[in-house]
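In: got a predicted structure plus its sequence, pasted below:
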Amino acid sequence: MPNGRVTRLRGLLAERGFEAILIGSGYNRRYISGFTGSSGMVLVTDSDCYLLTDFRYRTQAPEQAPGFKIVEHGANPMQDVKELLAQHKISKLAFEQDHVVYSQFASWTETLAGIALEPASGLVEQLRMIKEEAELQVMQEAAELADKTFRHILNIIRPGVREKDIALEMEVYMRSHGATSSSFDTIVASGERSALPHGVASDRVIRENEFVKLDFGAYYNGYCSDLTRTVVVGKPEDKHREIYDIVLEAQLHALSSIKPGMTGREADALARDVIAKYGYGDLFGHGTGHGLGMEIHEAPRLSKLSDTILTPGMTVTVEPGIYVPGFGGVRIEDDIVITETGIKILTSSPKEFTVLG
């Protein structure tokens, strides 16, 4: 699998006139090489690909990165890079401009004197946007684990329980059922805190007659899932039901209408226009969705600013919300993959208005 990715990457390099690229960011390094270690760099030329890492990974690197020439680098890895570039007679080296801080760049410039360092943005990320079948299978399993976690936690949520305790129970459940970790800091936001779009679990105790918003995901075999559901504990007010029904209508409309060839902006409008129609447009301040994969937030985006064309194989979330300060908020989120004719929904947790207790 990594060899096919290298081939596609070389095609992008050729299109942009790059002789070689140095990849140091962890997710991109793993995507191209398969290597899961915490330290290392990948160098791809038009004829060879190298994985440079240290002595800790002497055994692991060749096992995980078949087809790569493994280089155990010295104290200054860039000195080894310089020697490889000289062997290939390469005078221009592309680097990941979005993942290199200035101090690194300054050091590289000094070590690689005589080599032109050429900034490149999003080359590997462009490949990662289109998921392979093996990736989609892992993401389906990650989504199913999130669904199981939601079913489990419904039995735990009740008045008197802290948000943090709910989040811990979810984390334990996901890990004990195969996840490496959660995809991100689990959001459990109750009552007025549910109006915080990213209200990470706090010491607040859940009370009667209020929303509880759960936003979480399983990090499973290198890929993320991302699921949001909102429930009511106790007796709901009319306002609870009103804003829940609007968000659900917006989300279902988007899910039924998103298709390949649409831009991220057009997909965003599907949900946004429904919420605006009911007068809550100002209380939906984030995008309708984001790309999902090795990282919890990656390209493409479903937002007012995105011109990216949705293409089969892209995986995104669909997560409209309404957030009423001082009262509470609702978000409903599913993970989907763009198909040739529309979408496939990876998550399957129920979305009907749910009252607990």
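Out: In hand now; what should we look at? Numbers count the residues shown, from 1 in each chain.
In: please, which helix or strand holds N3?
Out: Here N3, judged by DSSP states H and E, is contained in helix 2-16.
In: tell me which other helices or strands that helix touches.
Out: Judged by 3 or more Cβ pairs under 8 Å, 6 or more residues apart in numbering; DSSP states H and E, helix 2-16 is in contact with helix 26-33, strand 41-44, helix 123-128. To be clear about C-beta, it is placed using only N, CA and C from the backbone, and glycine gets the same treatment.
In: recalculate using a threshold of 10 Å.
Out: strand 21-23, helix 26-33, strand 41-44, strand 49-53, strand 92-96, strand 116-120, helix 123-128 (3 or more Cβ pairs under 10 Å, 6 or more residues apart in numbering; DSSP states H and E).
In: for the longest one, list the C-alpha coordinates in PDB.
Out: Same thing as helix 26-33. Provided in PDB are the C-alpha atoms of helix 26-33 (Å, rounded to 0.1, in the frame of the first residue of the first chain):
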ATOM      1  CA  GLY A  26       4.000  12.500  12.000                       C
ATOM      2  CA  TYR A  27       0.700  11.800  10.200                       C
ATOM      3  CA  ASN A  28       2.100  12.400   6.700                       C
ATOM      4  CA  ARG A  29       5.200  10.300   7.500                       C
ATOM      5  CA  ARG A  30       2.900   7.500   8.600                       C
ATOM      6  CA  TYR A  31       0.600   7.800   5.600                       C
ATOM      7  CA  ILE A  32       3.500   7.600   3.100                       C
ATOM      8  CA  SER A  33       5.600   5.000   4.800                       C
END
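In: that helix vs helix 2-16, what angle?
Out: Counting by axes from the mean of the first three to the mean of the last three Cα atoms, to 10 degrees, helix 26-33 lies at 110 degrees to helix 2-16.
In: quick one: helix 26-33 to chain centroid distance?
Out: Relative to its chain's centre, helix 26-33 lies at 14 Å (Cα atoms, centre = their mean, to the nearest Å).
In: what's the average pLDDT for it?
Out: Helix 26-33 carries an average pLDDT of 97.
In: report the buried residues of that helix.
Out: G26, Y27, N28, R29, R30, Y31, I32, S33 (16 or more other Cβ atoms under 10 Å).
In: could you check the angle strand 92-96 makes with that helix?
Out: Using the same axes, to 10 degrees: helix 26-33 against strand 92-96 is 120 degrees.
In: got the angle for helix 26-33 vs strand 49-53?
Out: Using the same axes, to 10 degrees: helix 26-33 against strand 49-53 is 140 degrees.
In: according to the record, where do the domains of this structure fall?
Out: Structural domains annotated on the chain: 2-128, 133-356, as defined by automatic domain parsing.
In: off-centre distance for the longest one?
Out: Think domain 133-356. For domain 133-356, the separation from the chain centroid amounts to 13 Å (computed by Cα atoms, centre = their mean).
In: can you give me the buried ones in the helix holding N3?
Out: Those would be P2, R5, V6, R8, L9, R10, L12, L13, for helix 2-16 by 16+ other Cβ under 10 Å.
In: the last one touches L123, doesn't it?
Out: Yes. Counting by Cβ atoms under 10 Å, L13 sits close enough to L123 to count as a contact (7.3 Å).
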